Structures are given as structure tokens and as C-alpha cells.
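Visitor: sequence and predicted structure, then a few things I'm wondering about:
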Amino acid sequence: MQIKRRNFLMGGCAIAATAGCSTSKLFSGGDADFDDNLMALFSDCHLPATNENDFRNYEWDELNTCIAGVLRLNPLPRNVLIFGDLAYTAGDYADYPKARELLRPLIDAGIKVTIAMGNHDRRQSFLEAFPEYSKSTKVPGRIVSIVESPKADFILLDTLQGEQVGVQGPVDGKLNPEQIEWLKTTLAGYGKPVFVGSHHPINEIRIAGLLAGTPKVAGYINGHDHVWRKDFFIHKWTERRVVRTLCLPSTGLWGDIGYTLLRIGDNEAVAELHQHDFFFPIRPRSATDINPEREVILRENAGATCTFQW
Ligand SMILES: [Fe+2]
């Protein structure tokens, strides 16, 4: 059954009007179908529960710009995947209900949103606001998801090490042994192309050999570094195959700011960067307080793509 976008947007506008907010203006759109082979990839949203900025609500506004860009698409992507660091700094309990509220226009539009854990998240507080992941996770004690699409699936792993809510934990990523065993078993029986992803870069989590040795693996995608960066990972210098890797921009804290669209075809998938901002290392404190490098970086990154083949 084809679902029309207009019906969902009407529902979302009604909710926004009831809440007395401007969401309906920001996310207004026309009529569109869904493309099951189109995915939007977000990462490193770093959403605080309250606005603590002098100038404007940077993390919220930048995410809203990304969401508005996705909702203007025709057709809409069936899925949005978020590659970790949804919470602001240390998975505070209040961050996640706010994140759920900010992501609501996507969900109201009929888009399925799937979230992975980053080093600034905490499972305990995340599950209070997103309890559905307790049942859906593929590995008990971790937040692990499989997102299916007609031509290629996604496995989103959990590389978070920190456990105490509100307290900074290890910055680097790690997979627990149960997750690695599950991944080995799952990939061994996989019948279609599959992307593997997590918050952290591939060189931190010791699965490069497994991915390089599994022809069905289409590539590896991560966040964490807040920069659009395509690369390839060599497992053995004696082998011809490399694992294509892509690091995603942040949706709203420092670095490259934007989102990525992944168009999945029969033999390849093309990732497109949609970047609208850059700042580093601190947020702009006024409309003119911007990095001198901003325009050059935006111009250089405009139209950037990364192709994964299988
Ligand atoms: Fe981050």
C-alpha cells in the first residue's frame, strides 16, 4: 500500500497547532510517496534538554534544518538512521524526551527513525524515553538494530562504553564479545547486501577483518568525528578487497553540519552530502561570529558523494 505524505503532514500540523508552536510552518510540504530505497543518515545530534546558548538554540535549530530538508524530499525516505550521540554530553535523563519531541515531525510524516548509541549517550536514560528498543534489540544489554530495505539492509551496532548517566565516560568505542559473536553469526547467514555501522570509526572496534572477509558487506558507516570523510579500510595488503567507509557530519554541534542521503540501487548505493553549516570549535555567538573558513568548506563539500559497490 502506498502512503501519501500529505496525510501524515496534516496530522503533524494539527499536533503543532495544538501545541502552539511554529512546527507546521517549518515542516510544511506537498504530496509525496515514500522511496523504500532512500535513507537519510543523521549523526551526532547532541541535543540538550534546554537552551543554554546566548545567541540561539543551535543544536535544535540545526537539527530542524536537517529535518526540514528531509521532509521537503519527494519521494520521502522510508528510514532515517541516527548514528549516535543523540544526547548532549552524557546521556542526561532530560535530553531524550526533548530529542523524541524534536524528531517527532519525521515520525509524524511516516518515516521510521532508528537510533544507535554514541559515547555521549547512556542506555539507561535512552531506554526511558525510547523503551521500544528494549524489545527490538538483537543483542541483550546493548542497543543493536537491523533496518531492512528492499536492496540492502543496515546493521547498527552499539559501541558505547560509558554507563553512568550524567558522567563523562570513555570517548573511544568498543563492541562487547556477545555483540561480536552475534555479528559473526548474522553476517555468515546474510543473503543480501548489508551495511554495517556504529557511532565509532572502524579502526576502533576490531571488526575490519570480519567485514573485509564478508563479500555481502557493502560498506561501513560511522559518526563521532563530526566531519564528512570517505575512505577505505585495508584489512590485508595481500588482498584486493577494501571496505569502503564513510564518516557522517553532525546535525548540529561542531564541524560539518548537515545530513546524508543514501540512494540504494541494484549494485551500488550512493551517499550524498547535504551540508548547510560549519563551525568549529565553539558555536557562533552572533550572526557575524562565524569561522572565516566556513564558506570555503561549504563550497568544497558541495555535491560530495561516496559510492558503495557490491
Ligand atoms: Fe559527537
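Guide: Ah, there it is.
Visitor: which stretches of the stretch 1-150 of the chain form helices?
Guide: Secondary structure of the stretch 1-150 of the chain by DSSP state H, counting those that start in this stretch: the helices cover 5-19, 23-26, 58-71, 95-108, 123-129, 132-136.
Visitor: ok, and what's touching the last one?
Guide: Read that as helix 132-136. Ile115, Phe126, Leu127, Ile143, Ser145 (CB atoms under 8 Å, 6 or more residues apart in numbering). Every C-beta, even on glycine, is put in place using the N, C-alpha and C of the backbone.
Visitor: change it to 7 Å
Guide: Helix 132-136 has contacts (CB atoms under 7 Å, 6 or more residues apart in numbering) with Leu127, Ile143, Ser145.
Visitor: got it, and the fifth one?
Guide: The list of residues contacting helix 123-129 from outside it, by CB under 7 Å, 6+ apart, reads Gly91, Asp92, Tyr93, Tyr96, Pro97, Arg100, Met117, Tyr133, Ser134, Ile143, Leu160, Val165.
Visitor: separation between the second one and Gln161?
Guide: What that stands for is Asp92. 18 Å (CB to CB, to the nearest Å).
Visitor: for Leu106, give its distance to Ser125.
Guide: Taking CB to CB, one finds Leu106 at 21 Å from Ser125.
Visitor: neighbour count: these two, which is higher?
Guide: Leu106 (25 against 20; other CB atoms under 10 Å).
Visitor: so what's the more buried one up against?
Guide: Per CB under 7 Å, 6+ apart, neighbours of Leu106: Ile67, Val70, Val80, Val113.
Visitor: does the second one touch Met39 like I think?
Guide: No. Look at Val70 against Met39 with CB atoms under 7 Å: they stay out of range, at 10.2 Å.
Visitor: get me the contact residues on the chain for the ion.
Guide: The chain has residues Asp44, Asp85 near the ion, with proximity defined as CB under 5 Å from the ion.
Visitor: so, low pLDDT: which residues of the chain?
Guide: 1-32 (pLDDT under 70).
Visitor: excluding its backbone neighbours, what's nearest whatever residue of the stretch 51-200 of the chain ends up closest to the ion?
Guide: Residue of the stretch 51-200 of the chain nearest the ion, by CB to the ion: Asp85 (3.7 Å). Counting by CB to CB, 6 or more residues apart in numbering, Asp85 lies nearest to Gly118, which is 3.3 Å off, once chain neighbours are set aside.
Visitor: that neighbour contacts Tyr88, correct?
Guide: No. When contacts are counted by CB under 7 Å, Gly118 is not listed as touching Tyr88 (11.2 Å).
Visitor: of the two, who's got more company?
Guide: Applying other CB under 10 Å to Gly118 and Tyr88 shows that Gly118 carries more neighbours, namely 29 against 22.
Visitor: for that one, give me its contacts.
Guide: Asp44, Gly84, Asp85, Leu160, His199, Gly223, His224.
Visitor: Pro281 now?
Guide: Trp254.
Visitor: may I have the secondary structure class of it?
Guide: coil (DSSP: H, G, I helix; E, B strand; the rest coil).
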